[in-house]
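Enquirer: Okay, predicted coordinates and the sequence, questions at the end:
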Amino acid sequence: MPRALLILLASLLLARPSVAVESVPTTLELFHSVKETDFVTRLEKFSEKFLGTPYTSAPLGEGSGARFDQGPAFRFDAFDCTTYVETVTALALSREPKEFEGWLKKIRYWKGKVDYLNRNHFACGDWVPNNEGWGLFTDITKTLAGPKGTKVATAWEDKKGWVAHLPKEAIRVSGMTPAERDQRYAELQKQAAPFRPKKVELDFIPMDSLLVRKPIADDEKKRRTAEEDALVEKLWEKNSVEVGDNDSDAKMHKEVLDLRLKYLIKDVEVDPTFLASVPSGSLILVVRPNLKVPGTPLLISHLGFVIRKEGAPYFRHSSLSGGARTKDVPLANYLRLCLLSPAIHGIQVLKINDVRPAPPATVVRAKRKARPF
């Protein structure tokens, strides 16, 4: 791999997006802006409100007064992929602004009990099954796979091992001395000690069932590689990129991805039946078996909404790549881009259910008959 491309990849890994906080809406303002009552429409409208919102890692905690993580309990100025989906879903489920925080807690925590170790940290082992358990999600992966069928991914998720590998900076408590942080960190390790590795599994649609790639001649492969290397060298010289310069990194990343996508659109056909069938408001989870994070393997690396605009499906998600923000990407193109990572094996698809209690019935009082005198 050319030196310029290696430096580009390193700079992307080191980059940390800044978070803009101007014009952040309040919960009340958000509710006033979305009048629709249909649940899927509310998912579409609320998710649209946050397009362009910056991406940041670990945006939420358990709020002020929490024992281990006093990050905000909710926010509207920055998201990661999971908190974006959680926030939008909680807004869509709420009939009144005062209901929002209750729905968010129910989605983010096991049985809605706010505690660091009750938080649904792992998508496959916590987040999906816990929310399926109370009816929020329905797995529609097999239905959408059709006759091609699905495969099963498995892993042994180890929450105790994961907690043991957390950096001490994961303890976010205001005004804490280093010694107090060490003590609180040891307390968290002790609380996590009873957890045992748990086998988790999920059904997924393999990428080779969704995508058909045309053969490419060796000479064409070499030509394209040379074209990409030349683009990276040109962008490097033009921008005089410093490692960690977020704006320049994002520009280079986008232009390289755009070049790759140009050829993916030309070379790869996406299953038209799947694109026509996946419903608006559903979730796509990217399946990456044996994804290694410190202390445990995982199965899910990313997630976001499917949103239909004028009938065409888009993937609406919060992502560090492509500008570190919440964005819409044509679903077909996002699936094509997944081919750039051999570690991605396929996708899981979940339907988000409208679990709101029925609104109170309107009572119509009969008019009294005039009493005879």
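Expert: Happy to help now that I have it.

Enquirer: where in the chain is pLDDT low?
Expert: 1-24, 238-252, 359-373 (pLDDT under 70).

Enquirer: just the strands in this protein please.
Expert: Assigned by DSSP state E, the strands in the chain fall at 137-139, 151-157, 198-206, 211-213, 268-270, 283-293, 296-309, 312-319, 325-330, 346-352.

Enquirer: Of the ones you listed, which is nearest Glu36?
Expert: Glu36 sits nearest to strand 296-309 of all the strands of the chain, at 14.2 Å, using C-beta to C-beta. Using the backbone N, CA and C atoms, a C-beta is placed for each residue, glycine as well.

Enquirer: Can you check what angle separates the closest one from strand 151-157?
Expert: 130 degrees (axes from the mean of the first three to the mean of the last three C-alpha atoms, to 10 degrees).

Enquirer: Counting by contacts, list what strand 296-309 packs against.
Expert: helix 39-49, helix 81-93, strand 151-157, helix 159-164, strand 198-206, strand 283-293, strand 312-319 (3 or more C-beta pairs under 8 Å, 6 or more residues apart in numbering; DSSP states H and E).

Enquirer: burial count for Gly281?
Expert: Using other C-beta atoms under 10 Å, Gly281 is surrounded by 22 other residues.

Enquirer: next one: Gly146
Expert: Neighbour tally, Gly146, other C-beta under 10 Å: 14.

Enquirer: just Glu233 next, same as before
Expert: Using other C-beta under 10 Å, Glu233 is surrounded by 14 other residues.

Enquirer: what do you get for Phe74?
Expert: By other C-beta under 10 Å, the residues close to Phe74 number 18.

Enquirer: Correct me if wrong: it contacts Leu60.
Expert: Yes. Using C-beta atoms under 8 Å, Phe74 makes contact with Leu60 at a distance of 6.6 Å.

Enquirer: re earlier: just send the strands of the chain back as JSON lines, with distance to Leu259 and mean neighbour count too.
Expert: Formatted as JSON lines, the strands of the chain follow (distance: least, C-beta to C-beta, whole Å; neighbours: other C-beta atoms under 10 Å):
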{"stretch": "strand 137-139", "distance to Leu259": "36", "mean neighbour count": "17"}
{"stretch": "strand 151-157", "distance to Leu259": "31", "mean neighbour count": "17"}
{"stretch": "strand 198-206", "distance to Leu259": "26", "mean neighbour count": "18"}
{"stretch": "strand 211-213", "distance to Leu259": "17", "mean neighbour count": "14"}
{"stretch": "strand 268-270", "distance to Leu259": "15", "mean neighbour count": "17"}
{"stretch": "strand 283-293", "distance to Leu259": "22", "mean neighbour count": "20"}
{"stretch": "strand 296-309", "distance to Leu259": "22", "mean neighbour count": "21"}
{"stretch": "strand 312-319", "distance to Leu259": "19", "mean neighbour count": "22"}
{"stretch": "strand 325-330", "distance to Leu259": "16", "mean neighbour count": "19"}
{"stretch": "strand 346-352", "distance to Leu259": "24", "mean neighbour count": "23"}
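
Enquirer: Which of the ones you listed sits closest to Leu51?
Expert: Set against Leu51 and scored by C-beta to C-beta, the strands of the chain come closest in strand 325-330, at 5.5 Å.

Enquirer: The closest one packs against which elements?
Expert: Using 3+ C-beta pairs under 8 Å, 6+ apart, strand 325-330 is in contact with strand 312-319.

Enquirer: Quick check: neighbours of the strand it packs on in the sheet, parallel or antiparallel?
Expert: Paired neighbours of strand 312-319 in the sheet (DSSP bridges): strand 296-309 (antiparallel), strand 325-330 (antiparallel).

Enquirer: Take these and lay them out in JSON lines including distance to Ser318.
Expert: Converted to JSON lines, these look like this (distance: least, C-beta to C-beta, whole Å):
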{"stretch": "strand 296-309", "distance to Ser318": "7"}
{"stretch": "strand 325-330", "distance to Ser318": "4"}
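
Enquirer: if we compare those strands, which one ends up closest to Asp115?
Expert: Nearest to Asp115 among the strands paired with strand 312-319 is strand 296-309 (19.3 Å), distances taken as C-beta to C-beta.

Enquirer: relative to strand 283-293, how tilted is the closest one?
Expert: Angle of strand 296-309 versus strand 283-293, following the same axes, to 10 degrees, is 160 degrees.

Enquirer: related to what we said a few turns ago, can I get the helices and strands packed on strand 296-309 in a markdown table including distance to Trp103?
Expert: Below are the helices and strands packed on strand 296-309 laid out as a markdown table (distance: least, C-beta to C-beta, whole Å):
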| stretch | distance to Trp103 |
| --- | --- |
| helix 39-49 | 12 |
| helix 81-93 | 4 |
| strand 151-157 | 26 |
| helix 159-164 | 25 |
| strand 198-206 | 24 |
| strand 283-293 | 16 |
| strand 312-319 | 19 |
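
Enquirer: Nearest to Phe68, out of these?
Expert: Using C-beta to C-beta, the nearest of the helices and strands packed on strand 296-309 to Phe68 is helix 159-164, at 10.1 Å.

Enquirer: helices and strands around the closest one, which ones?
Expert: Secondary-structure packing of helix 159-164 (3+ C-beta pairs under 8 Å, 6+ apart): helix 178-192, strand 296-309.

Enquirer: Pull out the buried residues from it.
Expert: Of all the residues in helix 159-164, those buried under the rule 16 or more other C-beta atoms under 10 Å are Lys159, Gly161, Trp162, Val163.

Enquirer: Looking at the helices and strands packed on strand 296-309, which is nearest to Phe100?
Expert: The minimum distance between Phe100 and the helices and strands packed on strand 296-309 falls on helix 81-93, with 5.5 Å, by C-beta to C-beta.
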